[in-house]
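K.L.:
I need the structure of the sequence given here:
(2 chains)
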Number of protein chains: 2
Amino acid sequence: MAIDRVAIVGLGLIGSSIARAIDERLPQVAVTGHDASDDVRGVARELGLCDGIVDDPVAAVADADLVILAVPVGRMADAAAAIAPGLKAGAIISDVGSSKAGVADALAKALPDHIIIPAHPVAGTENSGPAAGFASLFEGRWCIVTPGADASDEAVAAVTGFWQALGAKVETMDAAHHDMVLAVTSHLPHLIAYTIVGTASELEEVTESEVIKYSAGGFRDFTRIAASDPVMWRDVFLANKDAVLATLQRFNEDLTALQQAIRRGDGAKLEEWFTRTRAIRRSIIEQGQDDAAPDFGRKH
Amino acid sequence: MAIDRVAIVGLGLIGSSIARAIDERLPQVAVTGHDASDDVRGVARELGLCDGIVDDPVAAVADADLVILAVPVGRMADAAAAIAPGLKAGAIISDVGSSKAGVADALAKALPDHIIIPAHPVAGTENSGPAAGFASLFEGRWCIVTPGADASDEAVAAVTGFWQALGAKVETMDAAHHDMVLAVTSHLPHLIAYTIVGTASELEEVTESEVIKYSAGGFRDFTRIAASDPVMWRDVFLANKDAVLATLQRFNEDLTALQQAIRRGDGAKLEEWFTRTRAIRRSIIEQGQDDAAPDFGRKH
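P.N.:
Below is the predicted model of the structure:
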């Protein structure tokens, strides 16, 4: 299944990065872009994203071999319904949502007669919108493809090859397992970061200005994630509720245990725990999933 | 009170960075280094840190106008006792501990006849040891000085001037307030990061290798802090127990509220919270306390 024409629906950080990556790495592929927002389409045109930015979602996907929905997961169903009349027979519909089981259901319901191969590039920054994207966002990052049981090998191979061409490494798993893995590696970290940044900004004893001033003690790290797109993340937590709540429960158990160790003055338990966690970072760096430079390579 | 000779006791990340910063910015100041560990002293000598590395703590502080204790906060009392016989009259004793009330008490008890001006440079990386330090670590960062009620203005001014000369900005506050501020901006973030990294590495449903592989979804940010020195952090939590437990309680309340919003599907509450936290990061960047580049300036 050759992919000669791609349509991108949703031109935020991820959608616009896909457009830029295609332009750089797959120049022979034609790309049409659409966004439901007039403003976003305007910015996308100014930036020169895609070969054409189209106002009408139906027209945007005409003739596309691959349509990628890059909208918040809560809007996938509407986006799919909006493009349905324009899809050519045999087109592959994919997406970039951070939760997969719910999205797969929504897409299957909205587009019962089409080939749906959900995907999730595990990449991003804290910035949002069409101006925030860049072509190298997916290089060396993983893209998880979650085909349904009836997906054809050819369609899976086409989506896999597309992401590899953009520089990503591709893994395949079922949607339910994806949602559990991402609950741990992405959703829970975001929830915790959002929580702590909110907590810190509302204490009586410590002013917000003090929190900002002395944030280099560790707090500032959490503020990056907590600056991520609010609508996107609202939708992720609603869509992946069960897995998020399950991992949150495990986190709470561990936090209670460490809280108790602090209250009791159990230094041995703390030291043992803190020594164990050190090894994980080494593995992440060894596997090329983070910068080896101290402090994320921040300028000092 | 002129500072012509400095003694640094403890040559890890912070102590060795002070030595390098003095070398670069205060070349006229003589620096003697000491560490209780033979190995660390050996590495410090190989690195050429300080004007001299001295085996005996008593000899190390002889003639020093300023002695800086850069050891884990649980070792401050012992380090102070070890240098006591060598201190010259009028020497200022300072430290770099991340909690201040307990350290101030320990130093006052160990050195009742000396001038003690505790300080805390809010700076660091996840790395430890004499090789991890660098001269610019304190540039643009805050150093909090927490003089006791009876501290002389001259001694406070001397310590303030010293840190400013190393590139830091200096603020003065009482030790109890420092401990509450840092509980929020540093200790709680470390506790949370240590917890979540431990939680993620022990789930049955998701393997450690998956956690590492897909860590770019947010998790990897937490692993940096959770790679910090285990002994240093064990001591911080034991020393600042009350403030840490108080802020942890507030965090737990907020986390429970967000957990409930997820369970109930209350998207409006989530979106409102996530929108509010976004502003904090902007302020931190505006005030020069973090890199403005997306993703901490990581290479993409």
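
K.L.:
stretch A:169-179 spans what distance, first to last residue?
P.N.:
18 Å (Cα to Cα, to the nearest Å).

K.L.:
and for stretch A:285-300?
P.N.:
By Cα to Cα, the extent of stretch A:285-300 from end to end equals 20 Å.

K.L.:
can you tell me the SS state at the spatially most central residue of chain A?
P.N.:
Nearest to the geometric centre of chain A sits residue A:98, at 4.7 Å (Cα atoms, centre = their mean). Here residue A:98 is recorded as coil under DSSP: H, G, I helix; E, B strand; the rest coil.

K.L.:
go ahead and confirm it touches residue A:183.
P.N.:
No: taking contacts as Cβ atoms under 8 Å, residue A:98 lies outside contact range of residue A:183: 10.0 Å. Every residue, glycine included, has its C-beta placed from N, CA and C.

K.L.:
okay, and the common contacts of these two?
P.N.:
Jointly contacting residue A:98 and residue A:183 under the rule Cβ atoms under 8 Å, 6 or more residues apart in numbering or on different chains are residue A:240.

K.L.:
so how far is residue B:237 from the closest residue in space to the residue nearest to the centre of chain A that isn't next to it in sequence?
P.N.:
Spatially, and ignoring its direct neighbours in sequence, residue A:98 is nearest to residue A:236 (4.9 Å; Cβ to Cβ, 6 or more residues apart in numbering or on different chains). Shown here: residue A:236 relative to residue B:237, a distance of 32 Å by Cβ to Cβ, to the nearest Å.

K.L.:
residue numbers of the stretch 1-150 of chain A in contact with chain B?
P.N.:
Neighbours of chain B within the stretch 1-150 of chain A, by Cβ under 8 Å from any Cβ of the partner chain: A:74, A:98, A:122-127, A:132, A:134, A:136-137, A:139, A:141-142, A:144.

K.L.:
and those residues, which is closest to chain B?
P.N.:
The shortest approach to chain B among the residues of the stretch 1-150 of chain A next to chain B belongs to residue A:125, at 3.9 Å (Cβ to the nearest Cβ).

K.L.:
doesn't residue A:133 make contact with that closest one?
P.N.:
No: using Cβ under 8 Å, residue A:125 is not in contact with residue A:133; the gap is 9.1 Å.

K.L.:
who has more neighbours out of these two?
P.N.:
residue A:133 (26 against 20; other Cβ atoms under 10 Å in any protein chain shown).

K.L.:
pretty sure that one contacts residue A:22?
P.N.:
No: between residue A:133 and residue A:22 there is no contact under Cβ under 8 Å: 11.5 Å.

K.L.:
contacting residues for the residue lying closest to residue A:128 once chain neighbours are set aside?
P.N.:
Nearest residue to residue A:128 in three dimensions, chain neighbours excluded: residue A:229, at 4.3 Å (Cβ to Cβ, 6+ apart). Neighbouring residues of residue A:229 by Cβ under 8 Å, 6+ apart: A:12-13, A:72, A:128.

K.L.:
and if you look at residue A:70?
P.N.:
By Cβ under 8 Å, 6+ apart, residue A:70 lies in contact with A:8-12, A:14-15, A:18, A:95-96.

K.L.:
how about a cut-off of 7 Å?
P.N.:
Counting by Cβ atoms under 7 Å, 6 or more residues apart in numbering or on different chains, residue A:70 touches A:8-10, A:12, A:14-15, A:18, A:96.

K.L.:
tell me which entries of the residues you listed lie within strands.
P.N.:
Of the contacts of residue A:70, the ones assigned to strands by DSSP state E are A:8-9.

K.L.:
shared neighbours, residue A:125 and residue A:133?
P.N.:
Contact with both residue A:125 and residue A:133 is made by residues residue A:13, according to Cβ under 7 Å, 6+ apart.

K.L.:
quick one, helices of the stretch 1-150 of chain A?
P.N.:
Secondary structure of the stretch 1-150 of chain A (DSSP state H, counting those that start in this stretch): helices located at A:13-25, A:38-47, A:57-60, A:76-83, A:101-110.

K.L.:
residue A:216: which of those is closest?
P.N.:
Nearest to residue A:216 among the helices of the stretch 1-150 of chain A is helix A:13-25; the distance by Cβ to Cβ comes to 26.2 Å.

K.L.:
now do that closest one against helix A:38-47, angle only.
P.N.:
Per axes from the mean of the first three to the mean of the last three Cα atoms, to 10 degrees, the angle that helix A:13-25 makes with helix A:38-47 is 20 degrees.

K.L.:
okay but residue A:13 is in contact with residue A:124, surely?
P.N.:
Yes: counting by Cβ atoms under 7 Å, residue A:124 is a contact partner of residue A:13 at 6.2 Å.

K.L.:
quick check, pLDDT for residue A:99.
P.N.:
Confidence at residue A:99, expressed as pLDDT, is 97.

K.L.:
surely it meets residue A:240?
P.N.:
Yes: counting by Cβ under 7 Å, residue A:99 does reach residue A:240; the two are 3.9 Å apart.

K.L.:
what's the overlap in contacts for the two?
P.N.:
Common neighbours of residue A:99 and residue A:240, counting by Cβ under 7 Å, 6+ apart, are residue A:179.

K.L.:
quick one: contacts for residue A:193?
P.N.:
A:222, A:225-226.

K.L.:
let's see it at 8 Å
P.N.:
Residues near residue A:193 by Cβ under 8 Å, 6+ apart: A:222-226, B:218, B:221, B:277.

K.L.:
also residue A:33?
P.N.:
By Cβ under 8 Å, 6+ apart, the neighbours of residue A:33 are A:7-8, A:11, A:15, A:19, A:41, A:44, A:49-50, A:52-54, A:60.

K.L.:
and with 10 Å instead?
P.N.:
Residue A:33 is in contact with A:6-11, A:15-16, A:18-19, A:40-41, A:44-45, A:49-54, A:60, A:70, A:130, counting by Cβ atoms under 10 Å, 6 or more residues apart in numbering or on different chains.

K.L.:
whichever of those end up buried, select them in PyMOL.
P.N.:
PyMOL command restricting the contacts of residue A:33 to the buried ones, with burial defined by 16 or more other Cβ atoms under 10 Å in any protein chain shown:
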select buried, chain A and resi 6+7+8+9+10+11+15+16+18+19+40+41+44+49+50+53+54+60+70+130
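
K.L.:
just to revisit the earlier point, now, the most widely separated pair of the contacts of residue A:229?
P.N.:
Spatial extent of the contacts of residue A:229 (Cβ to Cβ) is set by the pair A:13 and A:72 at 11.5 Å.

K.L.:
helices along the stretch 151-300 of chain A, start to end?
P.N.:
Using DSSP H, counting those that start in this stretch, helices in the stretch 151-300 of chain A cover A:153-165, A:175-182, A:188-200, A:208-213, A:219-225, A:230-239, A:241-264, A:267-286.

K.L.:
now the ones you listed in CSV, with distance to residue B:64 and mean pLDDT?
P.N.:
Formatted as CSV, those follow (distance: least, Cβ to Cβ, whole Å; pLDDT from 0 to 100):
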stretch, distance to residue B:64, mean pLDDT
helix A:153-165, 60, 98
helix A:175-182, 54, 97
helix A:188-200, 38, 97
helix A:208-213, 31, 94
helix A:219-225, 34, 95
helix A:230-239, 52, 97
helix A:241-264, 35, 98
helix A:267-286, 31, 94
